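Asks: Using only what follows, build the 3D model:
(2 chains)
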Amino acid sequence: MTILLLILAILPIIAGIIIKVLFVPASEGIDITGAHVFFTIDLPMGGLPISEAQINSWLVILSLLFFCLFLTHGLKTTAMSKRQIVAEWIVQSVENLVKSNMGEFFMGFAPFIAAILGLSACSSLLTLVGLFPPTSDINIVGGWAILTFILITYYKMKAGPLIYIKSFGEPVPFLAPLNIISEVATPISMAFRHYGNVLSGSIISVLIGALLTTLSQLIFGNLPGILGDFPFLRIGLPAILSIYFDLFSGCLQAFIFSMLTMLYVAGGFPEDEYFRRKRLKQAKKKENMQVIENTNGGV
Amino acid sequence: MLELAIGIILGGCALGAGCAMIAGIGPGIGEGTAVAAACEAIGRQPECKGSVTTTMLMGCAVAETTGLYALVIAILLIFVAPGRFVNILLEAIG
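Replies: Residues are numbered from 1 along each chain as shown, chains lettered A, B, ... in the order given. Okay, the predicted model is just below:
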């Protein structure tokens, strides 16, 4: 069972590699293209292209699902396995992160933050196996940013829509247009930040690979036979850059995206007003109960 | 004549992409200031290194935003805009 779930977690990645080998045309040299569109579904409001980015992100979701099942199946209270300790460490560290950044009220956000963090990091790390990283497509990251925007707006409206509308004219009323622009700029800048970092990393990697190929042709081009064509300089050197652009940058952007989600949601929530209203409501309820009790007693 | 027009389009796109990346100066200065301040803070209070590093990375990411806007514009100008502009030109000529 354990091994089966682990195989199921690795299988989507292998499926992604097979799909790439079979259906995606190989790119030559410094030919930088976006996600390859496999087919387009015709809908009444226009075509819906199914691209490499979408397929890869669904594969990552599947892989993460099976990995979580692998970590959490057969939990025990005593004699824990290593899997359970890893799973508990992940849950605990995410809960600590949420608690220290958002406060006790938002503890329900921990699964969402963990999901965004894991999905984003694993999507960026797909470059390590040579697949197209879904996070370098703005449609995927834009979807996450819109989700965050909806959450921010929902929590700002928690204390009533009037207070939300009033917050636009905050320092002085004629600054309202600027406030609206900065409100809309939040998801756009979040999406652009994540997508720009991952995309620029992959573009720089491609450019450096092409540069090293040309350089090694210049230096070793006179060697006889197949040795002359082989790009010697491309062995090992791009891997050093890959540590920064793929490993560090990918994980950092995932962390920053989830961190900004937490800060924006917790920062937009009008805490004092919400709790004041809650207390008022509870006091009113109590009063009503007392009135009912009094009338009952009178009868 | 058409070659000249397409040449002007390609040259304009490349120049525009280069000019857009001037915006890289701003985030560079900003992130440098942020990291300098973080180094100072760690030097003064080495025990809060972890939280200072986290906050610095967050600040760097936010300061990077304008540079990334410029980067996206430059990427669009290099990879997307020339084809579109040439298509518009060809359609206008007929």
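Asks: okay, residue 55: pLDDT?
Replies: Just going to use chain A. For A:Ile55, the pLDDT comes out at 89.
Asks: Switch to chain B, please.
Replies: pLDDT, B:Thr55: 87.
Asks: okay, now it: neighbour count?
Replies: 15 (other CB atoms under 10 Å in any protein chain shown). All C-beta spots, glycine's among them, are computed from the backbone N, C-alpha and C.
Asks: Run a quick neighbour tally on residue 58.
Replies: As the question left the chain open, I've gone with chain A. Neighbour tally, A:Trp58, other CB under 10 Å: 14.
Asks: let's do chain B instead
Replies: So B:Met58, with other CB under 10 Å, has 16 neighbours.
Asks: So the residue of the stretch 51-200 of chain A found nearest chain B, which state does it fall into?
Replies: Nearest residue of the stretch 51-200 of chain A to chain B: A:Gly196, at 3.7 Å (CB to the nearest CB). Going by DSSP: H, G, I helix; E, B strand; the rest coil, the secondary structure assigned to A:Gly196 is helix.
Asks: Once you drop chain neighbours, what's closest to it?
Replies: Closest residue to A:Gly196 apart from its sequence neighbours, by CB to CB, 6 or more residues apart in numbering or on different chains: B:Leu68 at 3.7 Å.
Asks: Which parts of the chain are helices?
Replies: Unless you meant another one, I'm taking chain A. A:2-23, A:52-72, A:82-102, A:110-125, A:138-156, A:161-166, A:176-220, A:226-229, A:237-242, A:249-268, A:271-298 (DSSP state H).
Asks: that answer is for a different chain, and I need it for chain B
Replies: Using DSSP H, helices in chain B cover B:2-20, B:25-44, B:49-63, B:65-75, B:81-93.
Asks: Of the ones you listed, which stretch is the most buried?
Replies: helix B:65-75 (a mean of 19; mean count of other CB atoms under 10 Å in any protein chain shown).
Asks: So what's the predicted local confidence for residue 5?
Replies: As the question left the chain open, I've gone with chain A. pLDDT, A:Leu5: 85.
Asks: try chain B instead
Replies: B:Ala5 is given a pLDDT of 90.
Asks: So for the closest residue to it other than its chain neighbours, what's the pLDDT?
Replies: Once flanking residues are discounted, B:Ala5 sits nearest to B:Leu89: 5.9 Å by CB to CB, 6+ apart. The model reports B:Leu89 with a pLDDT of 90.
Asks: Correct me if wrong: B:Leu89 contacts B:Ile6.
Replies: Yes. Counting by CB atoms under 8 Å, B:Leu89 does reach B:Ile6; the two are 7.2 Å apart.
Asks: A:Ile163 versus B:Met21, what's the distance?
Replies: 42 Å (CB to CB, to the nearest Å).
Asks: What's the local residue count around residue 45?
Replies: All of this refers to chain A. 5.
Asks: ah, I was thinking of chain B
Replies: 10.
Asks: just checking, what packs against the helix or strand bottoming out on mean pLDDT in chain A?
Replies: When the helices and strands of chain A are scored by mean pLDDT, DSSP states H and E, helix A:226-229 comes last with a mean of 72. The contact analysis (3 or more CB pairs under 8 Å, 6 or more residues apart in numbering or on different chains; DSSP states H and E) places helix A:226-229 against helix A:176-220.
Asks: show me what contacts the residue nearest to B:Ala5?
Replies: Contact analysis of B:Leu89 by CB atoms under 8 Å, 6 or more residues apart in numbering or on different chains lists B:5-6, B:9.
Asks: circling back: how far does the least confident helix or strand of chain A sit from its chain's centre?
Replies: The chain centroid and the centroid of helix A:226-229 are separated by 43 Å under CA atoms, centre = their mean, to the nearest Å.
Asks: contacts for it?
Replies: Here helix A:226-229 has contacts from A:217, A:220-222, using CB under 8 Å, 6+ apart.
Asks: hey, C-alpha coordinates of that helix in CSV?
Replies: Extracted in CSV, the C-alpha atoms of helix A:226-229 (Å, rounded to 0.1, in the frame of the first residue of the first chain):
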residue,chain,number,x,y,z
ILE,A,226,31.9,13.8,-32.9
LEU,A,227,34.2,15.5,-30.3
GLY,A,228,34.0,18.7,-32.3
ASP,A,229,30.2,19.0,-32.2
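Asks: Listing request: residues of the stretch 151-299 of chain A with sub-threshold pLDDT.
Replies: A:297-299 (pLDDT under 70).
Asks: What residues does it have near chain B?
Replies: A:189, A:192-193, A:195-197, A:199-200, A:203, A:252-253, A:255-256, A:259-260, A:263 (CB under 8 Å from any CB of the partner chain).
Asks: List the contacts of stretch B:46-59.
Replies: With CB under 8 Å, 6+ apart as the criterion, stretch B:46-59 contacts A:252, A:255-256, A:259-260, A:263, B:34-35, B:37-38, B:41-42, B:45.
Asks: Now the two most distant members of those.
Replies: A:Leu260 and B:Gln45 (25.4 Å; CB to CB).
Asks: list the contacts for whichever residue of chain B sits closest to chain A?
Replies: Proximity of chain B to chain A (CB to the nearest CB) peaks at B:Leu68, 3.7 Å away. Applying CB under 8 Å, 6+ apart, one finds that B:Leu68 lies in contact with A:192-193, A:196-197, A:200.
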